[in-house]
Each structure stands twice: as structure tokens, then as C-alpha cells.
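[1] I would like to see how this sequence folds:
(2 chains)
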Amino acid sequence: MSQISRRQAMAILGALGFGATAAACAGPGGSTAPGGASGPAAPSTGAVTGKVSFAHWRGEDKAVFDELIKRFAAKHSGVEVAQDISTSNDYNAQALQKLRGGSIGDAFATFRGAQFKNFTEAGIYTELKDSQAVKNYQKGLLSAGQNGDSQLGLPYQVVFPMPMANLDIFDKAGAETAPKTWDAFLGMCEKLASAGVIPISWPGGDVGNGGQLFNCMIANNAPVDDMCAQIEQGKLKVTDDWFIKMLNQYKDLVPYLQPNATGTAVEPAQNLFSQGKAAMLATGSYHIAAVRGLGAKFPIDLVFPNTSSDGKAKYEGVYNATFILGVNSASKNQAAAAAWIDFLSEPENAGYYANQTAQHVSVDKVEYTNPDLKRLSPWLQKKTALAARFQFNNLDVRNAVEASATAVISGTSPEQAAAAAQKIVDERL
Amino acid sequence: MSLHPGTAAKRKAPDSQHADNPAKVRRRSPTRVNPALYLFPLPAVAVVAFFLVMPTLQAFQYAITDWNGFSAAFNYVGLDNFIRAFTKDSLFTNALTNNLKFVLLVVIAQTAFSLVLALLLTKNSRGSILLRALFFFPTILSSVSVAFIWKFIYDPNFGLANSVLGAVGIDGGSYLGNDAQALYWVAVTQVWFHAGQMMVVYIAGLQAIPRELYEAAEMDGANKWQQFKSITWPFVAPATSIVVAYTTVQSFKAFDLILGIAGNPPKAALDILSTRIYSTFANSEFGYAAAQSIIFMAMIALVTWLQRRLLRLTPKGD
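    Down below sits the predicted model:
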């Protein structure tokens, strides 16, 4: 072998450096997943076999999905489903980048709102409007997975982001569970406080869970249903009278929250509720399984903080359709991924998931046997608003608007808190 | 002593051969190595080029675009992202202010605390060694574990801090729930987390100081403070340089600690540059986040350089 000269060695190193520089100068955005909002294709068909990666954030549902995976594998021999689970915050931040390559998340779930929108724009979804699965869903609950005429995802869960109530404490205090006005709601809190308990346990130190109360507070205060989208677009302002009124109502809640509520994380808030020290937990029905896990034995229902002043509120509660199931357009095993989504959407399997996880589902003809779900089922028939906070596509705007409520609870005046939030909104118009 | 003429003639022979053919005359360095050896650093150069140089250069390119992180389409926006960061984004300037405040607090407290610990535990006695291990222990924990431990210490309802204060009849506070104080409480956690590590650096520096200097100073009648000022402090300057620089960079990047303790996204009172950049990436503003990252990089370099100059840890010209 001939010896390499110094000049040749330097040339190789130089070429390497030049190559790195040239590669770095390649423009961004070169690799978009196939599909797209304008015309996504249906998942490819074929044998239901091979490995399927199922990406989601519900770590607490892992065992239930494991059982469903076993049943799916028994139905289709040669297929394996592996769960790829991240925490909800990480999933929100990183899922899009992870799924674009197609090696992770043949089937996946997304949050309603900004994440669904980004996934749609990135062309991650396939078209499911002609799938077997879509026929199993309640039509009225499918909108969160639609983009124009396309049904890109199937919102699997129905949750009620409203305060959960310990009915034993309510009975003892003689407090009503369905106040029709804001004064009645405050009167209810007063009765609970007089009974020696904390009326509301609120995780103000946790942005994600603390913000759920916002859905209830804004539903009947806003002049339009797409209020959050309009705030983001600059058509409505958080300095408007209706928003200031809502912030004043937040201020009314201060005496009924646990001390130092803005520093309380979600786990301690759950503990206050499950130990019977607080009558309500202001997060949502998605925490039923968690508080049962913490030892709560009492009957649980939901209470809607009705902000109406005259008892003629448009909505009786709020709900959210989320955990939107989809098939990855970059997946190399779309047939099996689609079959997995079909399988989850069958009433029997959706029912198993719902009853084991204590969460309602959007699938029709599901029989709820879980006592908590049975008790909460009437809420499925009530006139409820789709949770408004997920209308925000810009997370900075959402956090700033919701932070105005937290600031009021910390002692800032509603006008000051609103002005600070509006400044951030204006910067992002 | 003269050489044997024959030997001298033999030694000269090669030169005379080259003298016959001047084109072939080359100066050969005694340290000259086989050129193939230049290829040995190639794997390391490739790794650095691929994982460090390329992403850094790409960040500069992305920083002048409005790329959202997933679309094929994007526009070049010049310096707009940089201008936006400083003039039209109060969340960024808030994070910058928080970060500088956090760095200042942690650098001062951690340097002072670790130096005091080191001064108390320099001797290699059994007690000192045990205490050194104890103070060093938090360093081996993962930052997420530390964040969760302190999150529960600070919890106003069930947390250790308020329980202890309550036991002696003092009303506790909201800690992380109080926007005016939250950053200081996280700074306490950061100091607890890393002071033991910095203490070890100082102990190494202190143990290298010759004992004779202290003995001479004592004979001259110098008190403890004079000994510290004139002997200890100048001699531990290199260690201080390491501690300050390391603590600065560490405090700028307290990303996992903040996310663990404050959640994702952290509230404005606890938002620092690294968490702000992460939020901007998560908000599908890759171009803008890249610009923020470059500002972040420049900020760390500037602050570190200023510190070294102000503390006179680096002589001019070095």
C-alpha cells in the first residue's frame, strides 16, 4: 500500500470539513412526511402482520393496552404491538419529530388543538373517513379529528375537565351539586367551608392541570364559542369586560381554595381530595382513576362552576374529546396499524378500555360497567361545551392567558393580570 | 578532540551526494512523522464535525428563517428573529432577566458555600472525609430526582419545609407558588445540588498550598483573615476560576432542574433561557428558537469572559 502524503492527509481533512459545512448549509425542511392536509391517502392495505409501534402519553393505561394488545395478537397471528410511551409534556413537545421518520408510532395518539393542527400540517395523518373504525364512533364527537372534509384522527376519549366532587362531603354539608348561578356556586362553597373542609383543591402550581378550570370559567362568560381562537387572532382581547368579569370570579374563589394554592402541584391536590380534606378537585374526570388509586372510596360526581348571573347559561358543563388516534403516513406497516385502530374502536374493546381506565370513550354502543363511569354517564347527554383552552394553537398565548387567572389568585388585580397577558398576545399577533 | 579524518569523510558523504543534485535537498525536521498519522484524528474530527460543527452552523442558518420545524417551505427573514427576541418578545427578555439573576445568585452562593465547606473540611480526618462524602452525595443524584425531592419539600400542603416550620409554630410560605420568591427557592436547590462538587475542587486547590507559607505568616503575626486574604485566596484562584466558570455554565443550563421542579412549560417567574428555547421549539418556531439558541450561546461566552476579567482570574492577553 502506498504511503499517504501530508498534503493528501490535509486534503482529506479539508474535504471532510468542507463536506460538514456544505451539509450544514442545506436548507431546513427537506424531509416532509408524505400525505398532507390537502390530500392525505388512506392507509395502505395488506396483511395484518409484523411489528406495530403505538405511540402515546398515557403511561397509566399501559397495562390496559397490554391486555388489548394480547387480544389483538390473538386475533391476528404474527402481529406485535409495542407501546412507545412518553410523558404528556414530552409527547406534546417531541412527538412530531419522533413520528416523522415513521420508525416510531405506526399508530399514535395526539392531543386536540395545537398538536393535532401541527400533525395535520406536517402530513403525518392518513385519511380514515372510509375506515371501518370511523363507523363505530358517535358522529357528534368526531369533529376534533377532522380537517376540512378529511377524518384524519379518531378522538377516542371523552373527558370532563370539571371539578370532581366528594358526594359524601356534599351530603353532610347540605350543599347542592348543580348550582345554576355564580352566586349559588359561591353559596355552595360557603356551605362546604362551614363544614370544616377545603371547598376546592386546585393545583395552581401545575400549568397543565391548573388550567383545566379555565375551560369551565370561560364557557359561559365568553360572547362566542371560539373565544380562545379569537383571542389568539386578536379579534377578542383579554382586557375586554367579559374576560375581566371572569377574572373577578376567579378572585371570588380565593377564600375557597386551599392555602398557597398557586404553589400546589397536582399530586398534593389529588391527595387533599382523596383524603377527604377537600370537597372538590378542580382538574377533571380524567383523574378519577388516580384518586381511586390514592384510596378515595367515596362516591364521585362532577360539579360545573356555573358563572351565569341569571341562571340562563348556555352550557351545563364542559367536555373534551381527545387522545385522537391516527395512522402514520410515514409508517411502513400501515395495514397492521390501521387494523389496531379498528380493533381499539370496536365497542367491546373500547368498553374494556373505558371501564378499566375510568374514562368515557367516543365509541358508540359501549356499555359502561365501571361505577364511576355509570354515575358520570348522564353528563354525556347534557349540553356541554367543547373545552376552550385547546382552541389555542400558540402555547405561549395559551399559557399567558391562563396565567392571568393564576396571577389573580396570587393577588394581582384582574385588570393588571389581563393587561400583562394581552401584551404577550399582542406580541404574537 | 578531533575526529578521525576517515570518519568525517564518511559522515559528509550523504551531503555531498545531495550537493550533486540540489533539487533533492530537503530539510528534514527531527520531529517529522509519517503523514499517515495525520489520519488518526479523522474519526474524532468526523464526530466533532457531524455532531458539533454541523448543528452549530445549521443553527446559524435556521436562525435567519421562519421555519416551523416540519414544513418543506420556509422564508429567509434576515435578522428579524434576533430583533424580535430583544424588542418584541417580553417572554424572552423575562427569561433572560431570570437567567442572569439566577446565575448571579447561584455563582455567588455556590462559590462562597463550597469554599467555606472546603476550608472546614480540608484536613484528611475521618470526620472530614465522612462529611465530604455526605456533601458530595447530591451530585451523584440525577437532576430530575433532585427536582422531585425539592418539589415535595416546597409543597405548601404536605411538604417538609412547611411541616418543620409548622412544628415550631411558624406559618410556612407558598415557595414556588410565590412569583416574587420562586426563583430564589430554585437557586437554593441548585446550590444544594452542586456545592459538594465544587467543594471537592476547592479542597484539591487548598491541599496544594504549601504549609510553610502559613507557618511563615503565623510567625510574622498574621491573623486568620490576613492568612486567607494573602495566601489562601491567591492560591485557590485557579480553583475559583474553574468553580465560577463551571457554575456559570451549569446555572445557565439548569434546564432539567427547572422543568422537573416547575413543570413544562414553567411559569414566567421560573422561565430561564434554556426552558424558553425549549418552549419555542415545542411551539413549532424552529427558526426563532435557533436564533434564541445563538443568543444563549453568545450570552454564556460573554458572561464567562466578563467574570474572568472582573475577578482577575485571567491575566490580560491570555
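
[2] how about the residues of the stretch 101-250 of chain B near chain A?
    Selection of the stretch 101-250 of chain B residues close to chain A by Cβ under 8 Å from any Cβ of the partner chain yields B:151, B:154-159, B:172-179. C-betas here are computed from N, CA, C, even on glycine.

[3] ok, now which ones touch residue 291?
    Went with chain A since none was named. A:164, A:270, A:273-274, A:281, A:300 (Cβ atoms under 8 Å, 6 or more residues apart in numbering or on different chains).

[4] um, chain B though
    Per Cβ under 8 Å, 6+ apart, neighbours of B:Ala291: B:63-64, B:81-82, B:84-85.

[5] Of the contacts of A:Val291 - the most surrounded one?
    Greatest neighbour count in the contacts of A:Val291, by other Cβ atoms under 10 Å in any protein chain shown, goes to A:Phe273: 31 neighbours.

[6] Show me what counts as buried in stretch A:324-333.
    For stretch A:324-333, a neighbour-count test (16 or more other Cβ atoms under 10 Å in any protein chain shown) marks A:324-331, A:333 as buried.

[7] Filter the residues you listed down to the ones in strands?
    Judged by DSSP state E, the buried residues of stretch A:324-333 include A:324-327 as members of strands.

[8] Of the residues you listed, which is the nearest to B:Met199?
    A:Ile324 (51.0 Å; Cβ to Cβ).

[9] give me every residue that touches that closest one.
    A:Ile324 touches A:109-112, A:116, A:144-145, A:153-156, counting by Cβ under 8 Å, 6+ apart.

[10] what residue ranges in the chain score low on pLDDT?
    The chain I'm using is chain A. Counting by pLDDT under 70, chain A has low-confidence residues at A:1-5, A:20, A:23-39.

[11] actually chain B
    The low-confidence ranges in chain B, as defined by pLDDT under 70, are B:1-32, B:311-318.

[12] In it, which helix is the longest?
    helix B:90-120 (DSSP state H).

[13] which element follows that helix toward the C-terminus?
    Using DSSP states H and E, the helix or strand that directly follows helix B:90-120 along the chain is helix B:126-136.

[14] Kindly export that next one (C-alpha atoms) in CSV.
    Extracted in CSV, the C-alpha atoms of helix B:126-136 (Å, rounded to 0.1, in the frame of the first residue of the first chain):
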residue,chain,number,x,y,z
ARG,B,126,-12.2,10.6,59.4
GLY,B,127,-14.9,13.1,60.2
SER,B,128,-13.9,15.4,57.4
ILE,B,129,-13.9,12.5,54.9
LEU,B,130,-17.3,11.4,56.0
LEU,B,131,-18.7,14.9,55.8
ARG,B,132,-17.2,15.4,52.3
ALA,B,133,-18.9,12.3,51.1
LEU,B,134,-22.1,13.5,52.6
PHE,B,135,-21.9,16.9,51.0
PHE,B,136,-20.9,15.4,47.7
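
[15] For it, buried residues please.
    For helix B:126-136, by 16+ other Cβ under 10 Å, it's B:131-132, B:135-136.

[16] Over to stretch A:333-349?
    Going by 16+ other Cβ under 10 Å, stretch A:333-349 has these buried residues: A:333-346, A:349.

[17] Equivalent analysis for stretch A:158-178, please.
    Buried, per 16+ other Cβ under 10 Å, within stretch A:158-178: A:158-167, A:169-170, A:173, A:175.

[18] Return the distance of it from the chain's centre.
    Stretch A:158-178 sits 22 Å away from the centroid of its parent chain (Cα atoms, centre = their mean, to the nearest Å).

[19] can you point me to the longest helix in chain A?
    Chain A, longest helix under DSSP H: helix A:6-24.

[20] and that helix, what other elements does it pack with?
    Judged by 3 or more Cβ pairs under 8 Å, 6 or more residues apart in numbering or on different chains; DSSP states H and E, the packing partners of helix A:6-24 are helix B:42-48, helix B:54-62.

[21] Is the first one in proximity to chain A?
    Think helix B:42-48. Yes: under the criterion of Cβ under 8 Å from any Cβ, helix B:42-48 makes contact with chain A via B:42, B:45-46.

[22] And those, which of them are buried?
    B:Val45.

[23] ok so, going back, tell me which of the helices and strands packed on helix A:6-24 sits most buried.
    helix B:54-62 (a mean of 17; mean count of other Cβ atoms under 10 Å in any protein chain shown).

[24] Identify each buried residue in stretch B:291-301, please.
    So stretch B:291-301, judged by 16+ other Cβ under 10 Å, has buried residues B:291-296, B:299-300.

[25] could you pull out the strands for the chain?
    Looking at chain A here, since you left the chain open. Under DSSP E, chain A gives strands at A:50-56, A:79-85, A:107-110, A:146-147, A:150-151, A:154-159, A:164-166, A:198-201, A:278-281, A:300-302, A:317-327, A:360-361, A:384-386.

[26] so how far is A:Asp426 from A:Gly411?
    24 Å (Cβ to Cβ, to the nearest Å).

[27] next one: A:Phe273
    Counting by Cβ to Cβ, the gap from A:Phe273 to A:Asp426 is 38 Å.

[28] ok, now B:Phe158?
    B:Phe158 sits 40 Å away from A:Asp426, going by Cβ to Cβ.

[29] Between those two, which is the more surrounded one?
    B:Phe158 (15 against 12).

[30] In three-state terms, label the more buried one for me.
    coil (DSSP: H, G, I helix; E, B strand; the rest coil).

[31] thought it was touching A:Asn271?
    Yes: counting by Cβ atoms under 8 Å, A:Asn271 is a contact partner of B:Phe158 at 6.5 Å.

[32] Where does the stretch 151-300 of chain B get nearest to chain A, residue-wise?
    B:Gly177 (2.2 Å; Cβ to the nearest Cβ).

[33] Setting the sequence-adjacent residues aside, check what's closest to the spatially most central residue of chain A.
    Nearest residue to the geometric centre of chain A (Cα atoms, centre = their mean): A:Phe111, 4.9 Å. In this structure, A:Phe111 finds its nearest non-sequential neighbour in A:Thr322, 5.9 Å apart by Cβ to Cβ, 6 or more residues apart in numbering or on different chains.

[34] Quick check: beta-bridge partners of that neighbour?
    Under DSSP bridges, the beta-bridge partners of A:Thr322 are A:Gln157.

[35] ok, it - contacts?
    A:111-112, A:144, A:155-157, A:159, A:390.

[36] 6 Å instead, please
    For A:Thr322, the contact set (Cβ atoms under 6 Å, 6 or more residues apart in numbering or on different chains) comprises A:111-112, A:157.

[37] cool, and A:Gln391?
    A:Gln391 neighbours (Cβ under 6 Å, 6+ apart): A:228-229.

[38] circling back: now the longest helix of chain B: buried residues?
    Those would be B:91-92, B:94-96, B:98-100, B:102-103, B:105-107, B:109-111, B:113-115, B:117-119, for helix B:90-120 by 16+ other Cβ under 10 Å.

[39] helices or strands up against that helix?
    Packing partners of helix B:90-120 (3 or more Cβ pairs under 6 Å, 6 or more residues apart in numbering or on different chains; DSSP states H and E): helix B:182-207, helix B:237-252, helix B:273-282.

[40] distance of B:Arg126 from chain A?
    41 Å (Cβ to the nearest Cβ, to the nearest Å).

[41] out of the residues of the stretch 101-250 of chain B next to chain A, which is most surrounded?
    B:Leu176 leads those on contacts (other Cβ under 10 Å) with 31 neighbours.

[42] Can you name the residues that contact it?
    So B:Leu176 contacts A:205, A:263, B:154, B:182, B:185 (Cβ under 6 Å, 6+ apart).
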